[in-house]
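*Asks:* Provide a 3D model corresponding to the input given below.
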Amino acid sequence: HMFDCRDNEHMAHSPAFADLVDLSARFVAPASSGLSDAALMETQRQLDEFRRRSDAWSASVAAEIAYRSRRALGDAGLARRLGARTPELLVQHLAGTTLREAHTMVRVGTLITEPSSLSAIGSAVADGSLSLDAADVIRAGVSGLDPAVPERTVVDLVHTMVRDAPTLTVEKLAARTREHAADLDEAHVVDRERAMRDARYLRIRPQSDGMTRLSGLLDPESAAVIVSTFDAITSPRRGGPRFVDPAARDYAERLSHDERTTDQLTADAFVELVRLGATAAPDIVGAQRPAVRVLVTDHDLARRAGHGEIEGQTTPISIETVERQICDRGALPIQFDPAGQVVNLGRTQRRFTSRQKTALAARDGGCRFPDCSRPPSWTEAHHITHWQHGGRSDVSDGILLCRHHHLLLHDTGWRVVRDGATYFLIPPSSIDPDQQPILAPPKTGMVTRMLLCT
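*Replies:* Here you go, the predicted structure:
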């Protein structure tokens, strides 16, 4: 609706436009289920070549759109005349692609249409031997070279990368191009490294649906820390190396039964790492310690209905989430008068002290949920009986649960019961109609041995 491209003179005179319209009107993808293996592979190869050639044509057209929309033309430029702020936005609208893909089309199309030391890239795209993405990573890898590097040397590097491209993934092609470029321009490696470090960012943006979006870029050094950490967490899920270490094998086995997706596992681990880091290294977060404050009325909490809020967030949260937060952090009652003014600030109630959490860590050794390997530092203290139902902050009436299982307990109806020093999990009837108790053993060998001796 934004760009009016009807009656475009260029469309009317496009030599193959009528053929394309006719083809799209009658095209039906043939069934591939009856093809032999060899025919199937050959069909895929031919289709990929056709797609690359089609993409090359699209990129050439995108480059021409960009040329006819160049800044020097001002409002007379093609994109401006059609209501688009930039040629890339016009290409995005016409092609139905992402803005990133539109930028790639324009950049690579320019390599096809304009002679330069990178012309070998454009030629390879035009003859269908190089994809747009592969072309763009080669372009990006050599574009930062010092102007003092001889043009013949740059041309040779481009030819080498174009030759190697069919045998490499786009990611490996990008890495190899950067390596060769660094060899040619050693003096400016530190400058490129600094430029990438300066480009790092992390943005946190609340969305209209109540979720919060994280987006950002990391320089290689920072990315190495993050990637290696999350690789260690999720590698078994992604078919990582087979395990020789029994502990690693056990971890992979437990992870295979975890119902969370790999992306959900990564998100939960990220939140836990931030929480643990803020606790273990308070200097990072400054003088003001991070706090998560939950707001709820006594009325809603007592009847276990209604909802609460997290301070600073606009989305209501369930009473189950409120109870889980209170379970670990305690409650600070605040009394309001009818006009909404605070008239009394009570004392914190119902929170395990740091000494009690130390005792829980020594006794439980981590999350008490069967087959969970989270250590004490990754856990929250759960009260067997909720505060509003007479629960007490006694060590005997608390157990450690990781955030995932603590949330599971509050949200899905699981319960914990105690028989002396032994704790059991009671599944909800939706999981087990008989609700048979499941032993929740401690993860420390010392406590286990003591229980066996009694």
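*Asks:* Spatially nearest residue to Ile319, not counting backbone neighbours?
*Replies:* Arg304 (5.3 Å; C-beta to C-beta, 6 or more residues apart in numbering). Using the backbone N, CA and C atoms, a C-beta is placed for each residue, glycine as well.
*Asks:* For that neighbour, give me the backbone phi and psi.
*Replies:* phi 50, psi 50 (degrees, to the nearest 10).
*Asks:* what about it, neighbour count?
*Replies:* 14 (other C-beta atoms under 10 Å).
*Asks:* now swap in Ala421 and tell me
*Replies:* Quick note: Ala421 (other C-beta under 10 Å) scores 12 neighbours.
*Asks:* and if you look at Gly144?
*Replies:* Neighbours of Gly144 using other C-beta under 10 Å come to 14.
*Asks:* same question, Pro433
*Replies:* Neighbours of Pro433 under the rule other C-beta under 10 Å: 9.
*Asks:* mind listing the strands for this protein?
*Replies:* 201-206, 212-217, 294-295, 307-310, 317-318, 334-336, 342-345, 379-383, 398-402, 415-419, 422-426, 438-439 (DSSP state E).
*Asks:* Lowest mean pLDDT across those, which one is that?
*Replies:* Among the strands of the chain, strand 342-345 carries the lowest mean pLDDT, at a mean of 50.
*Asks:* Check the contact between Ala62 and Glu101; I expect there is one.
*Replies:* No. When contacts are counted by C-beta atoms under 8 Å, Ala62 is not listed as touching Glu101 (9.8 Å).
*Asks:* Please enumerate the shared neighbours of these two.
*Replies:* Ala95 (C-beta atoms under 8 Å, 6 or more residues apart in numbering).
*Asks:* More neighbours: these two, which one.
*Replies:* More crowded of Ala62 and Glu101, by other C-beta under 10 Å: Ala62, with 31 against 19.
*Asks:* ok, the residue nearest to the more buried one when sequence neighbours are not counted - contacts?
*Replies:* Nearest non-adjacent residue to Ala62, counting by C-beta to C-beta, 6+ apart: Met105, 3.9 Å away. Shown in contact with Met105 (C-beta under 8 Å, 6+ apart): Asp55, Ser58, Ala59, Ala62, Ala63, Val91, Ala95, Thr97, Leu132.
*Asks:* can you tell me how far the third one sits from Arg107?
*Replies:* So that's Ala59. 8 Å (C-beta to C-beta, to the nearest Å).
*Asks:* So if I had to pick from those two, which one is more boxed in?
*Replies:* Ala59 (27 against 20).
*Asks:* Can I get the strands of the chain in JSON lines including distance to Cys367 and mean neighbour count?
*Replies:* As requested, those are exported to JSON lines (distance: least, C-beta to C-beta, whole Å; neighbours: other C-beta atoms under 10 Å):
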{"stretch": "strand 201-206", "distance to Cys367": "28", "mean neighbour count": "10"}
{"stretch": "strand 212-217", "distance to Cys367": "26", "mean neighbour count": "10"}
{"stretch": "strand 294-295", "distance to Cys367": "22", "mean neighbour count": "15"}
{"stretch": "strand 307-310", "distance to Cys367": "23", "mean neighbour count": "16"}
{"stretch": "strand 317-318", "distance to Cys367": "22", "mean neighbour count": "16"}
{"stretch": "strand 334-336", "distance to Cys367": "32", "mean neighbour count": "11"}
{"stretch": "strand 342-345", "distance to Cys367": "34", "mean neighbour count": "9"}
{"stretch": "strand 379-383", "distance to Cys367": "5", "mean neighbour count": "23"}
{"stretch": "strand 398-402", "distance to Cys367": "4", "mean neighbour count": "27"}
{"stretch": "strand 415-419", "distance to Cys367": "12", "mean neighbour count": "14"}
{"stretch": "strand 422-426", "distance to Cys367": "11", "mean neighbour count": "17"}
{"stretch": "strand 438-439", "distance to Cys367": "14", "mean neighbour count": "12"}
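*Asks:* Buried residues, stretch 54-62. List them.
*Replies:* Neighbour-count burial for stretch 54-62 flags Asp55, Ala56, Ser58, Ala59, Ser60, Val61, Ala62 (criterion: 16 or more other C-beta atoms under 10 Å).
*Asks:* Need the mean per-residue confidence for that stretch.
*Replies:* Rounded mean pLDDT across stretch 54-62 is 93.
*Asks:* residues making contact with it?
*Replies:* 87, 91, 95, 102, 104-106, 108-109, 112-113, 125-126, 128, 131-132.
*Asks:* now with 7 Å?
*Replies:* 91, 95, 105-106, 108-109, 112-113, 125-126, 128, 131-132 (C-beta atoms under 7 Å, 6 or more residues apart in numbering).
*Asks:* Using PDB, write down the CA coordinates of it.
*Replies:* What follows is stretch 54-62, C-alpha atoms only, in PDB (Å, rounded to 0.1, in the frame of the first residue of the first chain):
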ATOM      1  CA  SER A  54      17.200 -15.700 -11.000                       C
ATOM      2  CA  ASP A  55      18.800 -14.100  -7.900                       C
ATOM      3  CA  ALA A  56      21.500 -12.600 -10.100                       C
ATOM      4  CA  TRP A  57      18.900 -11.000 -12.300                       C
ATOM      5  CA  SER A  58      17.000  -9.700  -9.300                       C
ATOM      6  CA  ALA A  59      20.200  -8.300  -7.900                       C
ATOM      7  CA  SER A  60      21.000  -6.500 -11.200                       C
ATOM      8  CA  VAL A  61      17.500  -5.000 -11.300                       C
ATOM      9  CA  ALA A  62      17.900  -4.000  -7.600                       C
END
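*Asks:* Next, the buried residues of the longest helix along the chain.
*Replies:* For the chain, the longest helix by residue count, based on DSSP state H, is helix 37-68. Within helix 37-68, the residues that count as buried by 16+ other C-beta under 10 Å are 52, 55-56, 58-68.
*Asks:* Which single one of the residues you listed is nearest to Pro427?
*Replies:* Closest approach between the buried residues of helix 37-68 and Pro427, by C-beta to C-beta: Asp55, at 53.5 Å.
*Asks:* distance of that closest one from Glu101?
*Replies:* Relative to Glu101, and taking C-beta to C-beta, Asp55 is found at 10 Å.
*Asks:* Equivalent analysis for Glu186, please.
*Replies:* Glu186 is 34 Å from Glu101, by C-beta to C-beta.
*Asks:* tell me how far stretch 397-406 is from the chain's mean position?
*Replies:* How far stretch 397-406 lies from its chain's middle: 26 Å, per C-alpha atoms, centre = their mean, to the nearest Å.
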